[in-house]
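> I'll drop the sequence and a predicted model, then ask my questions.
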Amino acid sequence: MNYIKKATKTAQTGSEETAATVVEMLATLEKGGEQSVRDYCRDFDKWEGEILVSQADRENAAKVLPETVKQDIQFAHKRVSDFAKQQRDSMLEFEVELMDGLVAGQKLVPVTTAGCYIPGGRYAHAASAIMSVATAKVAGVENVVATSPGSLKRGGIHPAILYAMDLSGADHILCAGGVQGVAALAFGYFTGHRADMIVGPGNRFVAEAKRTLFGMVGIDVIAGPTESMVVCDDTADPFIVACDLAGQAEHGVDSPVWLATTSLRVANEVNRLMPEVIASLPEVARNAAAPAWRDYGEIVLAETREEAAKICDNYAPEHLQVQAEDLDWWLSALKNYGSLFLGEETTVAFGDKCSGPNHILPTKGAGRYSGGLNAGKFIKTLTYQRLTREAAKQVAPVSSRISRLEGMEGHAMTGDVRMEKYFPQEKFELRGEIDDL
């Protein structure tokens, strides 16, 4: 690829050290129980208050927030919930008769307990609370346990996050962040409800904790440090592109932002503008965005839009913005991404905060095989079947022959005994012509 700017670090940088730290912490947390969660909260977040949030604390969060803030959170909640409801309603249970006497079907059953991790360190991610908790509730999850870091300065969870959790329907709320927060969800600490699945974005340690626990619990996606990519042609406004990239880089020092473009003019101008745009950000955002752009930022020049689309699919970014002509062509051509934002009027921040589709999305190339969090992630698609004896008469001999073809005599026997019981006077060919194979 033709790089105008190439990253010096990748998503895998430091992954071995992260994995080792997380494995050690999870072992301590599993052995040490709830007290180990308290210890880590004290050491990392300086939080020594209660872990399980009371109803009084929930109500106080609503009291201290300005009405306009609550209205904005309600606006976001409505759109995210409505979109999740459409997703849920698009899923169907069905029953079908595949042949006379053989009925099969599918049931949609929500998981019993979902754990929702909401980041709350550098920024107050109220929108993340809505994305996870509200979507789980729309899906019909019985127990939703949400957790977010506490702060001595704030006296617990940020009130905007806490209000969003409560509004979205969290049944239990924990004041615990990081690996210890994830572990509390997985092991059922403080609530007695072990999570069947854990969802939500977080830093590299949170993402690694979810990855390590996968199998013991289900997870949504590997939602690690935010990634964002813009693909554009010569019609794009370089300043808008630079702002969109810088806006996503503020997530963290390890948040990659990438540009793929068919325009050398746009590529060079964006490269020139990025330091200026980042310098205009407040200190907290600037201190994250500057190293993210320096270490992880990339600009790739493509000769054609077809090549640009292939570049995007190779990156499989978490967020992908298109600022180019013929948006329908791009919608059709692009295949690998977490969520797609079409046109200059549609920026990633809209999806991050309030426009509707979920912002908990796959990172590290997982967009090649997975979409983002949605109502369906919380719902198990369970199948069932029922046969009459006449249907078994047709199915069992085939099952027995295939079982013996595979060398599985025990499987074959289960079909044989039914034929002997149901149809003792009839002869069936229960062994296929396998001797010559």
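That came through fine.

> for the single longest helix found in the chain, packing partners?
For the chain, the longest helix by residue count, based on DSSP state H, is helix 15-45. When contacts are defined as 3 or more C-beta pairs under 8 Å, 6 or more residues apart in numbering; DSSP states H and E, helix 15-45 packs onto helix 178-187, helix 204-213. (Each C-beta comes from the backbone N, C-alpha and C, glycine too.)

> for the chain, give me the ranges with low pLDDT.
434-437 (pLDDT under 70).

> which residues in it form strands?
2-5, 94-99, 102-110, 113-117, 143-148, 172-175, 197-199, 218-219, 228-232, 257-261, 298-301, 319-323, 339-342, 379-387 (DSSP state E).

> list the contacts of residue 122.
252, 284, 288 (C-beta atoms under 8 Å, 6 or more residues apart in numbering).

> repeat that for residue 176.
With contact set as C-beta under 8 Å, 6+ apart, residue 176 has these partners: 37, 40-41, 47, 51, 147-150, 184.

> check those and tell me the two furthest apart.
Maximum pairwise distance among these (C-beta to C-beta): 14.5 Å, between 40 and 148.

> okay, the two: which has more neighbours?
Neighbours were counted for residue 40 and for residue 148 using other C-beta atoms under 10 Å; residue 148 has more, 31 against 23.

> from residue 329, how far off is that one?
According to C-beta to C-beta, to the nearest Å, residue 148 and residue 329 sit 41 Å apart.

> repeat that for residue 116.
Distance from residue 116 to residue 329, by C-beta to C-beta: 37 Å.

> those two: which has the busier surroundings?
Neighbours per residue, other C-beta under 10 Å: of residue 116 and residue 329, the larger number sits with residue 116, 32 against 14.

> picking that back up, which among the contacts of residue 122 end up buried?
Those of the contacts of residue 122 that meet the buried threshold are 252, 288, by 16 or more other C-beta atoms under 10 Å.

> make TSV out of the contacts of residue 122 and add distance to residue 81.
Listed next are the contacts of residue 122 as TSV, based on distance: C-beta to C-beta, whole Å:
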residue	distance to residue 81
252	28
284	30
288	30
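
> count of neighbours near the nearest residue to residue 105 once chain neighbours are set aside?
Spatially, and ignoring its direct neighbours in sequence, residue 105 is nearest to residue 95 (3.6 Å; C-beta to C-beta, 6 or more residues apart in numbering). Number of residues near residue 95 (other C-beta under 10 Å) recorded here: 12.

> pretty sure residue 95 contacts residue 103?
Yes: when contacts are counted by C-beta atoms under 8 Å, residue 95 is listed as touching residue 103 (6.2 Å).

> check contacts around the spatially closest residue to residue 33 that is not a sequence neighbour.
Spatial nearest neighbour of residue 33, excluding adjacent residues (C-beta to C-beta, 6+ apart): residue 189 at 6.8 Å. Residues near residue 189 by C-beta under 8 Å, 6+ apart: 33-34, 37, 51, 174, 183.

> can we see that at 7 Å?
33-34, 37 (C-beta atoms under 7 Å, 6 or more residues apart in numbering).

> between the contacts of residue 176, which is nearest residue 355?
Nearest to residue 355 among the contacts of residue 176, counting by C-beta to C-beta, is residue 148 at 22.5 Å.

> so that closest one bridges to which residues?
Under DSSP bridges, the beta-bridge partners of residue 148 are residue 175.

> was I right to think it contacts residue 157?
Yes: if you go by C-beta atoms under 7 Å, residue 148 and residue 157 touch, sitting 4.9 Å apart.

> which neighbours do those two have in common?
Taking C-beta under 7 Å, 6+ apart as the criterion, residue 148 and residue 157 both touch residue 120.

> any idea how far residue 245 lies from residue 428?
68 Å.

> same check on residue 24?
Counting by C-beta to C-beta, the gap from residue 24 to residue 428 is 59 Å.

> torsion angles phi and psi at the residue nearest to the spatial centre of the chain?
The C-alpha lying nearest the average C-alpha coordinate of the chain belongs to residue 221 (C-alpha atoms, centre = their mean; 3.7 Å). Main-chain dihedrals, residue 221, degrees, to the nearest 10: phi -150, psi 170.

> isn't it right next to residue 370, touching?
Yes: with contact defined as C-beta under 7 Å, residue 221 and residue 370 form a contacting pair (5.5 Å).

> sorry, back to before: residue 245 and residue 428: which is more packed in?
A side-by-side neighbour count of residue 245 and residue 428, using other C-beta under 10 Å, places residue 245 first with 27 against 15.

> that one contacts residue 258, correct?
No: using C-beta under 7 Å as the test, residue 245 is too far from residue 258 to be in contact (8.0 Å).

> what's the spacing between residue 63 and residue 134?
Distance from residue 63 to residue 134, counting by C-beta to C-beta: 22 Å.

> which one's more surrounded, the two?
Taking other C-beta under 10 Å, residue 63 and residue 134 do not tie; residue 134 has more neighbours (29 against 8).

> pretty sure that one sits against residue 77.
Yes: taking C-beta under 7 Å as the definition, residue 134 is a contact partner of residue 77 at 5.8 Å.

> now the helices for the stretch 201-350 of the chain?
In the stretch 201-350 of the chain, helices defined by DSSP state H, counting those that start in this stretch lie at 204-213, 238-249, 264-279, 283-296, 305-315, 327-333, 348-353, listed in chain order.

> give me the helices and strands touching the second one, please.
It refers to helix 238-249. The contact analysis (3 or more C-beta pairs under 7 Å, 6 or more residues apart in numbering; DSSP states H and E) places helix 238-249 against strand 228-232, strand 257-261, helix 264-279, helix 283-296, strand 319-323, helix 348-353.

> list of residues touching it?
Outside helix 238-249, the residues that touch it by C-beta under 7 Å, 6+ apart are 226, 228, 230, 232, 255, 257, 259, 266, 269-270, 273-274, 277-278, 281, 288-289, 292-293, 319, 321, 323, 344, 347-349.

> likewise the fourth one?
Outside helix 283-296, the residues that touch it by C-beta under 7 Å, 6+ apart are 7-9, 122, 246, 249-257, 274, 278-279, 281.

> against residue 135, how distant is residue 378?
For residue 378, the distance to residue 135 - C-beta to C-beta - is 7 Å.

> who has more neighbours, these two?
In this view residue 378 and residue 135 are compared by other C-beta under 10 Å, and residue 135 has more residues nearby, 31 against 27.

> my guess is that one contacts residue 86. True?
No: with contact defined as C-beta under 7 Å, residue 135 does not count as touching residue 86 (11.7 Å).

> next, the contact list for the closest residue to the residue nearest to the centre of the chain other than its chain neighbours, please.
Spatially, and ignoring its direct neighbours in sequence, residue 221 is nearest to residue 362 (4.1 Å; C-beta to C-beta, 6+ apart). Contacts for residue 362 (C-beta under 7 Å, 6+ apart) come out as 221-223, 318, 338, 370, 372.
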